[in-house]
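Asker: Here is my input, please return the structure:
(chains A, B, C, D and E)
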Amino acid sequence: MARLTSVGTNGRADIMCGRFSRWIGIEILLERFRPIVEVEYTKSYNVAPRTINPVLRSSDGVLLLSGMEWGLDLGKNRPINARAENLDTPMYRDAFLSRRAVVPVSGFYEWKDGRPYHITAGDIMTLGAIYNEINGHGSFAIITVEANDQMSDLHSRMPLIIENIEQWFGEHPPYQLVRPFDGSLDFTEVSTYVNSPRNDGEECIRPVSQTSLEDFFG
DNA sequence: CCAGACGTTGTT
DNA sequence: GTCTGG
DNA sequence: CCAGACGTTGTT
DNA sequence: GTCTGG
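Answerer: Okay, here's the model as predicted:
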């Protein structure tokens, strides 16, 4: 579909969000989105695929905060990302037309040359996603688009960031929102502590320089 | 995304 | 190297 | 026609 | 469900 293929690819090697953080309090989400909450909210500095996470979705015009597994259940495969360019393929079409969601995160991680970076834009980012629901079990994939200029220093792809969730959850397929982020991102190099999915805690988002100083002064 | 396992037989 | 787990 | 696949990232 | 491969 022309509208989506215009997102394009640039062919450059690099990555996408395979890890994120969510350490804001739920009260910020409640204030900002006023959803009906049907999941036990948890904080994490190191959210990995295959974990259950709170996601926002619209059901009959009601905004719900539901628990879903990161990794879209397609039967055989469980993609954690869905390329925007493929949203009109049979595999994703129905989900994009009728099962859109956003994932509230504090930031997401990207690695370059073995070094992790934490990327934020304000206190919350809402990442565009599609989900399936099979026997009451929800699962989602985060949509990826081409990196914007800021991001392209680090990686060729980036997660889709949704700024207008009313439009995202609107009646018409929100093709116009499927594009690289046009706002400003903040990048923080962090400790490789975040590398292991078993590690959690504030150290994951601590700037690497601060970590070094604390190590130095012991 | 990164880390960690990566087999077989038989079965308290 | 490739697959699974988180 | 039926069977089988159906994804993404990166490849230091 | 739907597309591709044979």
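Asker: how about the helices of chain A, start to end?
Answerer: Remark: helices assigned in chain A by DSSP state H are A:2-5, A:26-33, A:90-98, A:149-152, A:165-168, A:208-217.
Asker: got any ranges where chain A has weak pLDDT?
Answerer: Flagging of chain A using pLDDT under 70 yields the residue ranges A:1-16, A:210-218.
Asker: Could you state which residue of it sits nearest its centroid?
Answerer: residue A:127 (4.2 Å; C-alpha atoms, centre = their mean).
Asker: what about that residue, distance to residue A:181?
Answerer: 10 Å (C-beta to C-beta, to the nearest Å). Heads up, the C-betas are built off the backbone N, CA and C, glycines and all.
Asker: Same question for residue A:125.
Answerer: Distance, residue A:125 to residue A:181, using C-beta to C-beta: 9 Å.
Asker: Please enumerate the shared neighbours of those two.
Answerer: Shared contacts of residue A:125 and residue A:181, defined by C-beta atoms under 8 Å, 6 or more residues apart in numbering, comprise residue A:161.
Asker: higher neighbour count, the two?
Answerer: Shown here are residue A:125 and residue A:181; by other C-beta atoms under 10 Å, residue A:125 has more neighbours (24 against 19).
Asker: What is the burial count for the residue nearest to residue A:91 when sequence neighbours are not counted?
Answerer: Closest residue to residue A:91 in three dimensions, ignoring its sequence neighbours and counting by C-beta to C-beta, 6 or more residues apart in numbering: residue A:74, at 6.6 Å. Look at residue A:74: counted by other C-beta under 10 Å, it has 15 neighbours.
Asker: didn't residue A:74 look like it was pressed against residue A:131?
Answerer: No: with contact defined as C-beta atoms under 8 Å, residue A:74 does not count as touching residue A:131 (11.6 Å).
Asker: in chain A, which spans are strands?
Answerer: Secondary structure of chain A, counting by DSSP state E: strands at A:20-22, A:36-38, A:44-47, A:52-59, A:62-70, A:81-83, A:100-105, A:107-112, A:115-120, A:125-134, A:137-146, A:157-159, A:186-189.
Asker: Which of those sits closest to residue A:94?
Answerer: Among the strands of chain A, strand A:125-134 comes nearest to residue A:94, with 9.0 Å by C-beta to C-beta.
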